[in-house]
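# sequence first, then the predicted structure:
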Amino acid sequence: MRGSGPLSPAGDRHWRGSARLAGCCALVFCAMTELVDWDARTLTPLRALVWLALSLAVFAVLLPPQLTADAGRLTARSPLHRRTIHTDALVTVTQYGGVSSHLVLRDIHGNRLELDPRVLIANPVLWHELDTGARRSLERGTLHQGFDVLRRLGHRIDDETARAVLRESGLF
């Protein structure tokens, strides 16, 4: 029988697939550039290193941040940095639209986190942790702006979940 220790943090269940896609794109870029350079008979060890470095840069740009949530915190890890925000101490939540919609969360400690709302839609456990923390922030009086943004996002997530259930059951 296992002891009751701390629960493991909830994570983005689609992140591994996105990371694999970023790796494949970088690998294809590296292979294609080196093949073209080799075919032109201009490939040298230095140029091969340059193509490899550019492929690593492509990987770093395409790799999405890994999002995890646990007891009042939301953390985004990328190859260059790690950002953590306290969801139970939120001050503002802002959504910016356009081609690529994203949420900007700020807490009372001055931390700032940007994330794609589609990650929350695809991962209900992450959404639940954020929503629970935001409700605590509202109760404590720290959340001054943006609860309506989270409410709209919550309705959108509920709609998507209902559609998925109906689709799986064959009713939609």
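Now that the structure is in, tell me what you want to look at.
# please make it C-alpha for all contacts and neighbour counts, starting now.
Will do.
# and the closest residue to residue 125 other than its chain neighbours, how far is that from residue 68?
Nearest residue to residue 125 in three dimensions, chain neighbours excluded: residue 10, at 6.4 Å (C-alpha to C-alpha, 6 or more residues apart in numbering). Plainly put, residue 10 is 5 Å away from residue 68 if you go by C-alpha to C-alpha, to the nearest Å.
# can you list residues touching both of these two?
The contact sets of residue 10 and residue 68 overlap at residue 126 (C-alpha atoms under 8 Å, 6 or more residues apart in numbering).
# contacting residues around the residue nearest to residue 125?
In this structure, residue 10 makes contact with 68, 69, 70, 125, 126, judged by C-alpha under 8 Å, 6+ apart.
# next, the first one: secondary structure please.
Looking back up the chat, that one is residue 68. strand (DSSP: H, G, I helix; E, B strand; the rest coil).
# residues near it, how many?
Close neighbours of residue 68, defined as other C-alpha atoms under 10 Å, add up to 20.
# grab the nearest non-local neighbour of it.
Spatial nearest neighbour of residue 68, excluding adjacent residues (C-alpha to C-alpha, 6+ apart): residue 11 at 4.2 Å.
# for the one you found, give me the pLDDT.
Note for residue 11: predicted pLDDT of 75.
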